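In: quick one, what's the 3D model for this:
(one chain, ligands or ions: 1)
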Amino acid sequence: MLDPAHQDLIRSSFQRLRCRPEALALDFYGILFRDQPSLRRLFPTDMDAQAAKLSKMLVRLVRSVDDLSRMEAQLRDLGRYHVRRGTEDGQYAMVGAALLEALERQTRGWTDDHRAAWTEVFRAVAATMIAGARDMPAMPRARSA
Ligand code: HEM
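Out: Numbering: from 1, shown residues only. Next up is the predicted model:
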């Protein structure tokens with residue numbers, strides 16, 4: 001479960017976006033391809049549909065931030081899909097850095113606390129996707145005695 005203070009920061013940052021979530025996603029891809037041009041070939045030429053998909057996912061994540069386990073099955077599937085599309089584990093950090101930069105640029109009153117909250121969410125999402133791709137549990141489950 002995410003720190004409750006971080007949950008509030010995630011929700012409030014999304015309310016303070018300067019742009020629609022689709023534009024945030026396009027900004028994110030612009031930053032990603034500026035910093036990691038070699039990743040561009042993995043994606044379609046027209047990025048509008050891709051940005052729409054990513055923005056829907058971000059909206060869903062923000063809505064589920066009180067209990068991200070609601071999205072576990074979907075995120076694990078998404079992780080498997082990513083492997084089929086040629087994604088490697090090491091690329092998650094690049095994606096995380098670009099997403100953080102886009103959020104910072106597009107959120108009014110962005111603070112280090114927003115950064116910490118989004119970093120926590122991104123890590124949880126990436127860990128679940130990667131675990132799904134390997135067909136392993138994202139987090140060790142408590143064993144019943
Ligand atoms: C937490 C991390 C990530 C999230 C939330 C995410 C989200 C998404 C979503 C929602 C889609 C659309 C899936 C669909 O068509 O139904 C997608 C597609 C894709 N993502 Fe990611 N992604 C993440 C990480 C990455 C990474 C690290 C890479 C590596 C470069 C990547 C590359 C791609 C590619 C190549 C596609 C397919 C594009 C196409 O339609 O041709 N993603 N991603």
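
In: go ahead and measure how far the strand or helix carrying Ile130 is from the middle of the chain.
Out: Element membership of Ile130 [criterion: DSSP states H and E] is helix 112-134. Taking CA atoms, centre = their mean, to the nearest Å, the mean C-alpha location of helix 112-134 is offset from the chain mean by 7 Å.

In: hmm, who's touching that helix?
Out: By CB atoms under 8 Å, 6 or more residues apart in numbering, the surrounding residues in contact with helix 112-134 are 2-3, 5-7, 9-10, 13, 61, 65, 68, 71-72, 75-80, 82-83, 89, 92, 95-96, 99-100, 103-104, 107, 137-139. Bear in mind the C-beta positions are built from the backbone N, C-alpha and C, glycine included.

In: what's around the closest residue to Pro44 other than its chain neighbours, how many residues?
Out: If the residues on either side of it in the chain are set aside, Pro44 comes closest to Gln50, at 6.2 Å by CB to CB, 6 or more residues apart in numbering. By other CB atoms under 10 Å, the residues close to Gln50 number 14.

In: try Ser64
Out: 14.

In: try Leu26
Out: For Leu26, the count of nearby residues is 20 (other CB under 10 Å).

In: ditto for the one 5 residues further on
Out: Ile31 is surrounded by 17 other residues when neighbours are defined as other CB under 10 Å.

In: for it, grab phi and psi.
Out: The phi/psi pair for Ile31 (degrees, to the nearest 10) reads phi -70, psi -40.

In: who are the contact partners of it?
Out: 98, 101-102.

In: and the protein, which of its residues are near the ligand?
Out: 39, 42-44, 50, 53-54, 57, 82, 85, 87, 91-92, 95, 122, 125-126, 129 (CB under 6 Å from any ligand atom).

In: go with 5 Å
Out: Residues of the chain found near the ligand (CB under 5 Å from any ligand atom) are 39, 42-44, 53, 57, 85, 87, 91-92, 95, 125-126.
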